[in-house]
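Undergrad: Sequence first, predicted model second:
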Amino acid sequence: MNEPSGAHAADELRARAEAATTGTPYRFRRTEPGFDLTVDVPRAGGRRVTQVHTHRVALRPAAGTFTLTDVVRTKRQGPFGTTRTSVESGRVRYRTWSRSLDGSERHAFSSADGRRLIRGVAEELGWRELKPATEKIALVADALGGLVALTTLLGLAIAFWP
């Protein structure tokens, strides 16, 4: 497989990603560093909760690499016309299921589906995914937290050994 390089490779990846979204609920939007795939997430609760999930792809054509970041915007309607909006960014993993009020329509969403679509297209063209900085930081924090927990357990086991 050839390594991608240059603006032509980035345009090819964008074109294939856009074509892959045809017939899906995803909306493709070209951005300066790459592209976004955005989808309205079906949620139980009708108009009270709306959620929009964006897979933000930043391309580095010279290196043939890309980063993939999720941005989830959630809007909740509260009492007396109040609304609360939140934005979550990074690697957001979740799955939802819902039915229409009369039970005739089922809706499902998995945040992994969009990532699979993007990775599949990119892999066909020889692109490699780099983990976003936020995910790298989270992995280091997880490892340090695990080490602290293990050290604490070992210390307790030694202190209370009969």
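TA: Happy to help now that I have it.
Undergrad: Start and end of stretch 75-85, how far apart?
TA: 4 Å (C-alpha to C-alpha, to the nearest Å).
Undergrad: phi, psi of the residue most central in space within the chain?
TA: Central residue of the chain (C-alpha atoms, centre = their mean): Asp70, 3.2 Å from the mean position. Dihedral pair for Asp70: phi -90, psi 140, per degrees, to the nearest 10.
Undergrad: does it really touch Ser89, like I thought?
TA: Yes: at 6.9 Å, Asp70 and Ser89 qualify as touching, with contact defined as C-beta atoms under 8 Å. Every C-beta, even on glycine, is put in place using the N, C-alpha and C of the backbone.
Undergrad: Overlap of the contact sets of the two?
TA: Contact criterion C-beta atoms under 8 Å, 6 or more residues apart in numbering; no residue bridges Asp70 and Ser89 by contacting each.
Undergrad: Val57 against Asp70, yeah?
TA: No: here Val57 lies out of contact with Asp70, judged by C-beta under 8 Å, at a distance of 10.7 Å.
Undergrad: Name the helix or strand of this structure that has the lowest mean pLDDT.
TA: Lowest by mean pLDDT, DSSP states H and E among the helices and strands of the chain is strand 95-99, with a mean of 74.
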